[in-house]
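S.K.: Sequence isn't available, so here's the structure alone:
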């Protein structure tokens with residue numbers, strides 16, 4: 001018959017498991033932090049290109065491949081001076 005491991009061995013195995021979980025969590029957190037600061041794997045968008053997409057203030061809705069689905073124009077507001 002095989003006896004159960006002694007209590008000190010059980011606690012050391014538990015301690016090792018907790019260390020492994022903690023190290024894995026810290027590494028995963030570091031990877032997420034690096035990806036967050038660098039805008040993911042593809043990098044941040046070019047600011048010059050973002051200025052080219054100005055369409056007189058209209059909002060353009062695109063699908064994932066970049067095709068235009070809809071264009072929402074700016075809301076026109078009337079001023080109280082123009083109302084008789």
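M.R.: Arrived safely. Quantities reported herein were computed from a predicted structural model and do not represent experimental measurements.
S.K.: rest of the way, CA atoms for contacts and neighbours
M.R.: Fine.
S.K.: For residue 72, list the residues it contacts.
M.R.: 58, 59, 60, 61 (CA atoms under 8 Å, 6 or more residues apart in numbering).
S.K.: Which parts of the chain are strands?
M.R.: Secondary structure of the chain (DSSP state E): strands at 59-62, 68-72.
S.K.: Tell me which of these sits most buried.
M.R.: Counting by mean count of other CA atoms under 10 Å, strand 59-62 has the highest mean neighbour count of those, with a mean of 14.
S.K.: Now do that one, average pLDDT.
M.R.: Across strand 59-62, pLDDT averages out at 84.
S.K.: Equivalent analysis for stretch 22-31, please.
M.R.: Here the average pLDDT along stretch 22-31 is 97.
S.K.: coming back round to it: among the strands of the chain, which is nearest residue 31?
M.R.: In terms of CA to CA, the element of the strands of the chain nearest to residue 31 is strand 59-62, at 29.6 Å.
S.K.: Output the contacting helices and strands for the closest one.
M.R.: Contact partners of strand 59-62 among helices and strands, from 3 or more CA pairs under 8 Å, 6 or more residues apart in numbering; DSSP states H and E: strand 68-72.
S.K.: Neighbouring strands of the strand it packs on in the sheet, and parallel or not?
M.R.: strand 59-62 (antiparallel) (DSSP bridges).
S.K.: Kindly indicate which of the contacts of residue 72 lies nearest residue 11.
M.R.: residue 61 (56.7 Å).
S.K.: For residue 72, see how far away that closest one is.
M.R.: Using CA to CA, to the nearest Å, residue 61 is found at 8 Å from residue 72.
S.K.: picking up where we left off before, kindly reformat the contacts of residue 72 as TSV containing distance to residue 13.
M.R.: Shown next, in TSV, are these (distance: CA to CA, whole Å):
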residue	distance to residue 13
58	61
59	57
60	57
61	54
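S.K.: What is the nearest of the residues you listed to residue 35?
M.R.: Nearest to residue 35 among the contacts of residue 72, with distances taken as CA to CA, is residue 61, at 25.9 Å.
S.K.: For this protein, give me the ranges with low pLDDT.
M.R.: For the chain, the stretches with pLDDT under 70 are 1-10, 48, 50-57, 76-84.
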